[in-house]
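J.: Next input, structure requested:
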Amino acid sequence: MSKALEAYITGIGQSDVGKKLERHPLLLTVDAVKEALGEAGLSIDQIDGVATYPGRVPQMLGFSPVGSDELIDALGIKATWYSGGGEVSSQLGALVAAVGAIKSGQARHIICYRTVYEAAAMARPDEYPMPRRDRVDGMSQWTAPFNALSAAVWVAQYANRHVKKYGMTREQLAQVALNDRKNAQLNPKALMHGKPLSMEDYLSARMIADPLCLFDCDQYTDASTVLIVSAGDALDEVKCTPIRIAAMAGSVDRHSWDQPEWMASYDTGRDLWQRTDYKPSDVDTVQLYDGFSFLAVTWLEALGCCEVGEGGKFIEGGQRIALDGELPMNTFGGQIAAGRFHGFGFAHEAVLQLRGNGGERQIANDPKVAIATSGGGPLATALLLARD
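T.: Sure, this is the predicted structure:
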């Protein structure tokens, strides 16, 4: 494909990261946009598109407080295309939509962002009230009567199958959290920076939903992450190293957690390799969605890094996925240790690593190909990113 017809990630940015931040979520978003524009060498006048997931959700403002129209108004963006909605193949589906707009000529530079404010919202319920419902319907009719309201309970079902059928142990599963926490010590922005985790700590933590313990769960976070997607024929306007979006895949396997046989990541991983000449052996780093640790295990299997059922054995001991291992994973600390950026943090880190800007946590040997994913259960998106 001609370079002019390709889509690239150019500027990236991230606001302050924390819990119970006082700064308004729209201002956090603007902070991240300014950083991304500065890195790309673009001005707001050159932006003609905006995409976010899932748009502003009035019933859950902590989960998604800033819509694309609000950002357009706040920054005076002259948008020829914009998008914001939850009916996509998980969080990074917003980037997939932006690539489509780029390749169809509807925009040249698109701001893609995800802003979360869940920790602050929980601390200020008067400003950010939790949703209240008088009836149970939709997907919740299958979970609420059994007090299975947490996604930890839903993911635990799949994790237990790997325990029973494939022999995955807690010591193996622990390596996701231990690796995340170790890498977070090299990331000053990470929520768990300065808070190392040992195997003893992990095994003694309280159980949330067997086999998932407290340290298998991600961290509510207040932050905004921005990635600018640019057209190949607009790269002469950009000053940073562009990262090509070499392939994309996404799937929705029944929009329900109610007894599907496999998570959507498995179909997504298969489809990704059908859309590129790259192979799993070409990948230098993986940034895999870990809202719960087991989700990263499923992505390793789904992407062909190991056979189905072998994910636990693949990460056993932690050497393979370590920063200096054969397949460095979640080098910024993942959502478990860096914070719940809700998918966008993985793409942000992949670009950072491919540009050699990882600082203390930079992967050696000049990485050129990365995978970033989002989603678990019935939703999944994967991006294959390359520095040409």
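J.: So for the residue nearest to Ala119 when sequence neighbours are not counted, what's the pLDDT?
T.: Spatially, and ignoring its direct neighbours in sequence, Ala119 is nearest to Lys19 (4.0 Å; C-beta to C-beta, 6 or more residues apart in numbering). (Each C-beta comes from the backbone N, C-alpha and C, glycine too.) pLDDT, Lys19: 97.
J.: Lys19 is in contact with Ala223, isn't it?
T.: No: contact criterion C-beta atoms under 8 Å: Lys19 and Ala223 do not qualify, at 9.9 Å.
J.: the more surrounded of the two?
T.: Between Lys19 and Ala223, Ala223 has the larger neighbour count (other C-beta atoms under 10 Å), namely 30 against 16.
J.: wait, is that one part of a helix?
T.: No: according to DSSP: H, G, I helix; E, B strand; the rest coil, Ala223 belongs to no helix; its state is strand.
J.: Could you list the residues in contact with stretch 159-177?
T.: For stretch 159-177, the surrounding residues in contact (C-beta atoms under 8 Å, 6 or more residues apart in numbering) are 197, 199, 202-203, 210-213, 215-216, 290, 292-294, 296-297, 309-313, 315-318, 321, 330, 334, 336-337.
J.: Tell me the buried residues in it?
T.: When neighbours are counted by 16 or more other C-beta atoms under 10 Å, the buried residues of stretch 159-177 are found to be 159-160, 162-163, 168, 170, 172-177.
J.: what's the answer for stretch 206-218, then?
T.: 208-209, 211-213, 215-218.
J.: end-to-end on that stretch?
T.: End-to-end distance for stretch 206-218, by C-alpha to C-alpha, to the nearest Å: 15 Å.
J.: in the chain, which spans are helices?
T.: If DSSP state H is used as the criterion, the helices of the chain fall at 25-40, 68-75, 93-103, 118-123, 151-166, 170-184, 199-204, 264-273, 293-302, 311-315, 344-354.
J.: which secondary structure elements does the last one contact?
T.: Meaning helix 344-354. Here helix 344-354 touches strand 7-14, strand 109-117, strand 222-231, strand 243-252, strand 285-287, strand 369-374, strand 379-386, going by 3 or more C-beta pairs under 8 Å, 6 or more residues apart in numbering; DSSP states H and E.
J.: Out of the helices of the chain, the one nearest Val136 is which?
T.: helix 151-166 (15.9 Å; C-beta to C-beta).
J.: Could you tell me which residues make contact with Val153?
T.: When contacts are counted by C-beta under 8 Å, 6+ apart, Val153 touches 143, 209.
J.: can you tell me how far it sits from Ser374?
T.: The spacing between Val153 and Ser374, counted by C-beta to C-beta, to the nearest Å, is 21 Å.
J.: Kindly report the same for Asp137.
T.: From Asp137 to Ser374 the distance is 27 Å (C-beta to C-beta).
J.: the more surrounded of those two?
T.: Per other C-beta under 10 Å, whichever of Asp137 and Ser374 has more neighbours is Ser374, with 34 against 8.
J.: does the more buried one have beta-bridge partners, and which?
T.: Ser374 forms beta bridges with Thr381, as assigned by DSSP bridges.
J.: Does it touch Ser90 like I think?
T.: Yes: counting by C-beta under 8 Å, Ser90 is a contact partner of Ser374 at 4.6 Å.
J.: intersection of neighbour lists for those two?
T.: With C-beta under 8 Å, 6+ apart as the test, Ser374 and Ser90 both reach 289, 343, 380-381.
J.: Any chance of those in JSON lines with pLDDT, distance to Ile228 and neighbour count as columns?
T.: Converted to JSON lines, those look like this (pLDDT from 0 to 100; distance: C-beta to C-beta, whole Å; neighbours: other C-beta atoms under 10 Å):
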{"residue": "Tyr289", "pLDDT": "98", "distance to Ile228": "21", "neighbour count": "30"}
{"residue": "Gly343", "pLDDT": "96", "distance to Ile228": "17", "neighbour count": "27"}
{"residue": "Ala380", "pLDDT": "97", "distance to Ile228": "24", "neighbour count": "31"}
{"residue": "Thr381", "pLDDT": "98", "distance to Ile228": "18", "neighbour count": "30"}
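J.: TSV for these, including distance to Arg387?
T.: Putting those into TSV (distance: C-beta to C-beta, whole Å) gives the following:
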residue	distance to Arg387
Tyr289	22
Gly343	21
Ala380	24
Thr381	21
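J.: Look at Asp253 and report its pLDDT.
T.: Per-residue confidence (pLDDT) for Asp253: 72.
J.: burial count for it?
T.: Residues within reach of Asp253, counting by other C-beta under 10 Å, total 18.
J.: Once you drop chain neighbours, what's closest to it?
T.: Take Asp253 and drop its neighbours on the chain: the residue closest to it by C-beta to C-beta, 6+ apart is Ala264, 4.2 Å away.
J.: Tell me which residue is most central in the protein.
T.: Gly343 (1.6 Å; C-alpha atoms, centre = their mean).
J.: I'd say that one and Leu92 touch.
T.: Yes: judged on C-beta under 8 Å, Gly343 makes contact with Leu92 at a distance of 5.1 Å.
J.: Give the intersection of the neighbour lists for these two.
T.: Here Gly343 and Leu92 have 53, 373-375, 381 as joint contacts, going by C-beta under 8 Å, 6+ apart.
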